[in-house]
Each structure stands twice: as C-alpha cells, then as structure tokens.
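K.L.:
Take this sequence and fold it.
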Amino acid sequence: MNIISNASRQIILDTETTGMNQGSGAVTIGHRIIEIGCVEVVNRKLTGRHYHEYINPGQLIDEEAMQVHGITDEFVADKPRFHEIAKSFIDFIDGAEIVAHNASFDISFMDHEFAMLQPTGPKTADICQIVDSLEIAKFLHPGQKNNLDALCKRYGIDNSRRELHGALLDAEILADVYLIMTGGQTKLQLSSDDVGQEAGGIMRLPSDRRKLKVIQATADELTRHEQRLDLVEKSGQCLWRGE
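P.N.:
Residues are numbered from 1 along each chain as shown. Here you go, the predicted structure:
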C-alpha cells in the first residue's frame, strides 16, 4: 500500500449523524448528518482553514448516537438544513482528496444527503478522491487497535479534549494522526490577518492553538547513542558526526 498521497490539497473530514449505518454500507432509513467538520491540508501542511457546520436533520436523534457525540435534538433545532449548506460544503471539498477514518461511514452519509438534494447532487467520488486512514492504520499496525484514541496514544498526540465525539475536533485530531502516520508534518501556515470567521461555515484558527510536546533524550540514551556511533565510525565514515 502506498500511504503517501500525491494530492496537493486534502480535506480531513469527520461527520456526526442521527444514527449508525447498517449492512453493506447502506444508510439506515431516515438517518442524517447533523455535524460536518473539515480541516484543510495543502502540500502536507495544515493551513488553519476549516469547514464546520451543525445541521438540523428534521428528525429525532437516536439515543445511542446522542450518547456518543452529545448533540441533542434541542441543540440542532435552529441549525440550517443540509440543502441550505450543501453548496458551501461541496465548494469546499470539490477537487480535493478526502481523508476520513472508516471513510465508508462518512461517504455513505454524504452520498445519501447529496442524493436527497433537488436537483440531485453529485456522488462524493465524482468530485473528490477518497482515502481511508483506518485502512492505512491497519496496514501499518496489523492486529492492533486502530481507532482514533488508540492511534493518538500510539503517536503521542494529546486528545484529552475528546470526552465526546465531535466532527471538527475529531477532524483536527485525525489531521495530526494522518500526517504523522504517513511521515509528514503539521505546521500551520497562518498570518495574523488570517484569524477569523469566513462565510459558509469556513473559519481560520490561530496558529498557536497547538503546543507540541518535546521529549528530550535521557543521559543514558545519549551515552548509548554515542556508543553506537563509535561502532559506526569504526566501520567507516560516520555521517552523523561532522568532520
């Protein structure tokens, strides 16, 4: 599996819904998207540009789903319907590569919502490439837990704010996981005038929102490192040591 994408623009995406998928990817009758969270990555760097919307599904949210994401019927009652945000959402993802964890879940719901538009909207695969970060994780870590919490622990990513599932927060965390998992970086490229809200649920966040944890080598680790370099030097030129 080639885990490094050639796409220059990627959208790390997560959704929350009124209920769960059933069967072979088919959406359970009546279940709808109630939250969309997207994080933009360009040339493997976070830009700070986000898309986030809560959506009124026009129906009740399953109790089991509510326990997962904490979004209530009362909270979404005054939020826009999907058809009202569809254009801004499609414009944001159009032409990008979507990265989602267990992508079939999110894409099936998106396709369901697009199909209900009048006139009917596109299938996600017709306007975006799709990458499943769960499949990448399974390839890299076979036989291990590969949910988002497990990957955060494995890669040392702080997910302490994730008491409940939330689309934007999960997309932000997944962006860090995906870029580290595939060997990239997560540096934000923002100027001071980039911070603020844009139209259509798109916003820019301050560049100082993350504090990276720096782990220093211990004295014992440094000693063993030098001993290893001594062995390398005996066998020829040691590139890790200067002239």
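K.L.:
Distance of Q59 relative to I34?
P.N.:
Using C-beta to C-beta, to the nearest Å, Q59 is found at 10 Å from I34. From N, CA and C alone the C-beta is placed, and that goes for glycine too.
K.L.:
oh sorry, the question was meant for A7
P.N.:
From A7 across to I34, the span is 28 Å (C-beta to C-beta).
K.L.:
Show me which of these two is the more surrounded one.
P.N.:
Comparing A7 with I34 by other C-beta atoms under 10 Å, the one with more neighbours is I34, at 29 against 18.
K.L.:
Partner strands of the helix or strand in which the more buried one is found and their direction?
P.N.:
Using DSSP states H and E, the element containing I34 is strand 33-42. The pairing partners recorded for strand 33-42 under DSSP bridges are strand 9-17 (antiparallel), strand 45-54 (antiparallel).
K.L.:
export those to TSV and tack on distance to D230?
P.N.:
Below are those laid out as TSV (distance: least, C-beta to C-beta, whole Å):
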stretch	distance to D230
strand 9-17	43
strand 45-54	38
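K.L.:
Out of those, which one sits most buried?
P.N.:
strand 9-17 (a mean of 25; mean count of other C-beta atoms under 10 Å).
K.L.:
Contact partners for A100?
P.N.:
Neighbouring residues of A100 by C-beta atoms under 8 Å, 6 or more residues apart in numbering: I12, L13, D14, D106, I107, I130, V131, D132, S133, L174.
K.L.:
Now, those residues that are in strands?
P.N.:
Using DSSP state E, the members of the contacts of A100 that fall within strands are I12, L13, D14, I130, V131, D132.
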